[in-house]
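Trainee: Coordinates for the following, if possible.
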Amino acid sequence: MIINGQKEENRNMDTNIVRIMGVQIFKLGFDEAFMKFVKFSKGNKLRMIFTPNTEMVMIANKDKEFKNILNESDLNIPDGYGLILASKINQLEIVGKIAGIDFMTKILEYCNRTGSSIFILGGSEGVAEGAIKGIESMYKNIEIKGSYHGYFDEQEEYHIIDKINEKKPDILFVALGAPKQEKWIYKNKSILNVKVAMGVGGSIDVWAGLSKRAPKIFINFGLEWFYRLIKQPSRIKRMMVIPQFIIKTYYDKIFNR
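Mentor: Alright, predicted model coming up:
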């Protein structure tokens, strides 16, 4: 899983891509990123969409395999205000945060207009089914090809892939949590019969009605993470990565790393 040669050179020539701690991020606005998805959905090979945030970038700096996978993605959208701050510090010109849940919603709206099909993989028992029900209640024209929970063993995995390929969904939403979902998509990308596979993490919990987005005022001020912390104090250990990320960003800039 080495990124080198011509493929790496072509990626580096893309002026829409910047690097934050070695992880490629597309600096496209929401509409431009969405148009890339539309193009992917009309293609004939699987395209990967990932949603790196501060935590994922920090994980990638300790997990070389994960970093390489993120850098193989066809579209990495900046899902975190920490990345926007890093962009400002380093003058990388990322337009703004693109929340994964918002991008997923835009994709669902597109699927509803075009009658495209989806499959959801991940979450605890019953969560994917709950998300499907939530989506069906809002979007009547989406073709639902199926769902499967995220707690499967290696033997079940073959059955899941066969089921997905038999149904041939246009879009596969994978909610196994990072970095597991990105690694799963990458590992199976050559055998999955779908057009777009996107890692969506906890977004299906929102669609299943198990969690709620932060109020608009928190979102607008870049404090959605703080709202989650208020609602789930147990996330404090995960949230500690944010100040670590900011410190590392300034350190790397000062020492030109």
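Trainee: I'd say Glu182 and Phe66 touch.
Mentor: Yes - taking C-beta atoms under 8 Å as the definition, Glu182 is a contact partner of Phe66 at 6.8 Å. (C-beta placed from N, C-alpha, C; glycine too.)
Trainee: and those two? which has more neighbours close in?
Mentor: Shown here are Glu182 and Phe66; by other C-beta atoms under 10 Å, Glu182 has more neighbours (28 against 21).
Trainee: Look up how far Lys212 lies from the more buried one.
Mentor: Using C-beta to C-beta, to the nearest Å, Glu182 is found at 25 Å from Lys212.
Trainee: One more: Gly126?
Mentor: 18 Å.
Trainee: cool, and Phe152?
Mentor: 28 Å.
Trainee: The two: who's more crowded?
Mentor: Phe152 (15 against 10).
Trainee: sec struct for the more buried one, please.
Mentor: The local conformation at Phe152, judged by DSSP: H, G, I helix; E, B strand; the rest coil, is coil.
Trainee: For it, give me its contacts.
Mentor: Going by C-beta atoms under 8 Å, 6 or more residues apart in numbering, Phe152 touches Ile160.
Trainee: Against Gly122, how distant is it?
Mentor: Phe152 is 10 Å from Gly122, by C-beta to C-beta.
Trainee: quick one: Thr105 from Gly134, how far?
Mentor: 11 Å.
Trainee: again with Trp207
Mentor: Separation of Trp207 from Gly134 (C-beta to C-beta) stands at 4 Å.
Trainee: So between these two, which is more surrounded?
Mentor: Trp207 (27 against 16).
Trainee: before we move on, could you check phi and psi at the closest residue to that one other than its chain neighbours?
Mentor: Excluding the flanking residues, the one nearest Trp207 by C-beta to C-beta, 6 or more residues apart in numbering is Ala131, at 3.8 Å. Backbone torsions of Ala131, given as degrees, to the nearest 10, read phi -60, psi -40.
Trainee: isn't Ala131 right up against His149?
Mentor: No - applying C-beta under 8 Å as the test, Ala131 and His149 come out as separate, 11.0 Å apart.
Trainee: what helix or strand does the closest residue to Pro179 other than its chain neighbours sit in?
Mentor: In space, and not counting its chain neighbours, Pro179 is closest to Phe66: 4.3 Å by C-beta to C-beta, 6+ apart. Phe66 is part of helix 64-70, with elements assigned from DSSP states H and E.
Trainee: Need the contact partners of that helix.
Mentor: 1-3, 22-24, 50, 52, 56, 59-61, 76, 179, 182-183, 186.
Trainee: Just the residues you listed: which are in strands?
Mentor: Of the contacts of helix 64-70, the ones assigned to strands by DSSP state E are Val23, Gln24, Phe50, Asn76.
Trainee: how close does the first one get to Ala60?
Mentor: Separation of Val23 from Ala60 (C-beta to C-beta): 5 Å.
Trainee: Pull up the overlap in contacts between these two.
Mentor: When C-beta under 8 Å, 6+ apart defines a contact, the residues bordering Val23 and Ala60 alike are Pro52, Lys67, Leu70.
Trainee: need the contact list for the first one.
Mentor: Just to be clear, that refers to Pro52. Pro52 makes contact with Val23, Ile25, Ala60, Leu70, Asn76, Ile77, Pro78, Asp79, Gly80, Leu83, according to C-beta under 8 Å, 6+ apart.
Trainee: could those residues be laid out in a markdown table, adding distance to Ile254 and neighbour count?
Mentor: Putting the contacts of Pro52 into a markdown table (distance: C-beta to C-beta, whole Å; neighbours: other C-beta atoms under 10 Å) gives the following:
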| residue | distance to Ile254 | neighbour count |
| --- | --- | --- |
| Val23 | 20 | 22 |
| Ile25 | 21 | 27 |
| Ala60 | 21 | 24 |
| Leu70 | 25 | 26 |
| Asn76 | 26 | 26 |
| Ile77 | 28 | 29 |
| Pro78 | 23 | 29 |
| Asp79 | 26 | 23 |
| Gly80 | 22 | 27 |
| Leu83 | 19 | 29 |
